[in-house]
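A.B. asks: Sharing a model that was predicted from the sequence below.
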Amino acid sequence: MRHTAALLGWLLLCGCQSTGSGHARREYQQTIDSGTNACRTNPAYCAAMPTGIRATAQAGASVAGALKAMDAATLARMHEIMKQCATQADWDVNLRLLDGKTPTTKQCEEQVGTDAEGKPITRAMQWGREKHTVALRCVQARLSVERPGGFSVEQRYRYERETRTLELISASEEQAMLRTGRTGRLRGTLVPDVVIHSGDPLRAEASYDFKFPCPIGKESSWRQYPQGHPWQGHRQGKMYEEALGVEAFRVSPILGIY
């Protein structure tokens, strides 16, 4: 236990050195992941506890051995952090864009544009994206301190239902596919907002998606995949659970975890 605490403390405060292995597993190579690499972003972080930072592959791999499977208390703590981040995001965006007021139904339904397919974009959708960004930034900061190496943010998974195989797509791989027009490889991939794991994103322990209903207080259902989608007719949460093998939770302000 003493050695585990020492390892976590060293990673939190310094995060400056790699393991030197040179062959970190690909599943740690996503752009936004857990753990600490404060020195690369800002050397001043080496002398203090980091806040909003990203992991390196080596930092995540180094700490993996120090993490244990979640118990009930740890899961409750993860729930609490997610709820706090959802509430904070809702408050921050409402304060910035609405002078701190809660949006009305009329405001939520107001159309502000259309997407590439000509479908309407509403204020609710616009504000929801803003709140997602703030909530994920909050999670990154909080869990980089409380669970370094044990979570991923917006990790993309490719799931083959016939063979029940799961693999990771790193941010660099995704960008390469987009640049070269190989977007077909991204169809049907799954991107939970947050995945909690014990050091290996392929061994999930819980997943979370933030939902920001507008007006606030209305329960949001899991999105159903549309006609033509590889998972058409299925709900987003069901596919997360099937692919990752763990429970998928929705998180909203006021409603909390459901």
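C.D. replies: Received the coordinates, thanks. Here the structure is a predicted model, which is why all the values come from computation and not from measurement.
A.B. asks: starting at the chain centroid, how far to stretch 203-219?
C.D. replies: Relative to its chain's centre, stretch 203-219 lies at 11 Å (CA atoms, centre = their mean, to the nearest Å).
A.B. asks: quick one: A243 and M78, what's the gap?
C.D. replies: A243 sits 19 Å away from M78, going by CB to CB, to the nearest Å. Heads up, the C-betas are built off the backbone N, CA and C, glycines and all.
A.B. asks: so where's this structure uncertain?
C.D. replies: Where the chain drops to pLDDT under 70, the residues are 1-68.
A.B. asks: And the helices in it?
C.D. replies: 2-13, 38-41, 57-64, 72-98, 105-109, 123-146, 171-179, 236-244 (DSSP state H).
A.B. asks: tell me the most buried of those helices?
C.D. replies: helix 57-64 (a mean of 24; mean count of other CB atoms under 10 Å).
A.B. asks: List the strands paired with the longest strand along the chain, with their directions.
C.D. replies: Looking across the chain with DSSP state E, the single longest strand is strand 204-210. If you go by DSSP bridges, strand 204-210 pairs up with strand 194-197 (antiparallel), strand 248-252 (parallel).
A.B. asks: Excluding chain neighbours, what is closest to E160?
C.D. replies: Using CB to CB, 6 or more residues apart in numbering and skipping residues adjacent in sequence, the residue nearest E160 is L166, 7.8 Å away.
A.B. asks: Across the sheet, point out what pairs with the one you found.
C.D. replies: L166 has the following beta-bridge partners by DSSP bridges: Y159.
A.B. asks: Would you format the helices of the chain as CSV with distance to R187 included?
C.D. replies: As requested, those are arranged in CSV below (distance: least, CB to CB, whole Å):
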stretch, distance to R187
helix 2-13, 37
helix 38-41, 33
helix 57-64, 27
helix 72-98, 28
helix 105-109, 30
helix 123-146, 22
helix 171-179, 11
helix 236-244, 13
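A.B. asks: closest to S220 out of the ones you listed?
C.D. replies: Taking CB to CB, helix 123-146 is the member of those nearest to S220, at 9.4 Å.
A.B. asks: Would you mind pulling up the elements that that closest one packs against?
C.D. replies: Judged by 3 or more CB pairs under 8 Å, 6 or more residues apart in numbering; DSSP states H and E, helix 123-146 is in contact with helix 72-98, helix 105-109, strand 151-153, strand 194-197, strand 204-210.
A.B. asks: how about 6 Å then?
C.D. replies: With contacts taken as 3 or more CB pairs under 6 Å, 6 or more residues apart in numbering; DSSP states H and E, helix 123-146 sits against helix 72-98, helix 105-109, strand 151-153.
A.B. asks: Please save the CA atoms from that helix in PDB.
C.D. replies: C-alpha atoms of helix 123-146 as PDB (Å, rounded to 0.1, in the frame of the first residue of the first chain):
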ATOM      1  CA  ARG A 123     -30.300  26.200 -29.100                       C
ATOM      2  CA  ALA A 124     -30.600  23.100 -26.900                       C
ATOM      3  CA  MET A 125     -28.100  21.300 -29.200                       C
ATOM      4  CA  GLN A 126     -25.800  24.200 -29.300                       C
ATOM      5  CA  TRP A 127     -25.800  24.600 -25.500                       C
ATOM      6  CA  GLY A 128     -25.500  20.900 -25.000                       C
ATOM      7  CA  ARG A 129     -22.200  20.800 -27.000                       C
ATOM      8  CA  GLU A 130     -20.800  23.700 -24.900                       C
ATOM      9  CA  LYS A 131     -21.800  21.900 -21.700                       C
ATOM     10  CA  HIS A 132     -20.200  18.600 -22.900                       C
ATOM     11  CA  THR A 133     -16.900  20.400 -23.500                       C
ATOM     12  CA  VAL A 134     -16.900  22.000 -20.100                       C
ATOM     13  CA  ALA A 135     -18.000  18.700 -18.300                       C
ATOM     14  CA  LEU A 136     -15.200  16.700 -20.000                       C
ATOM     15  CA  ARG A 137     -12.600  19.300 -19.100                       C
ATOM     16  CA  CYS A 138     -13.800  19.000 -15.500                       C
ATOM     17  CA  VAL A 139     -13.600  15.200 -15.500                       C
ATOM     18  CA  GLN A 140     -10.100  15.400 -17.000                       C
ATOM     19  CA  ALA A 141      -8.900  17.700 -14.300                       C
ATOM     20  CA  ARG A 142     -10.500  15.800 -11.400                       C
ATOM     21  CA  LEU A 143      -9.600  12.300 -12.400                       C
ATOM     22  CA  SER A 144      -6.100  13.200 -13.400                       C
ATOM     23  CA  VAL A 145      -5.600  13.800  -9.700                       C
ATOM     24  CA  GLU A 146      -7.900  11.200  -8.200                       C
END
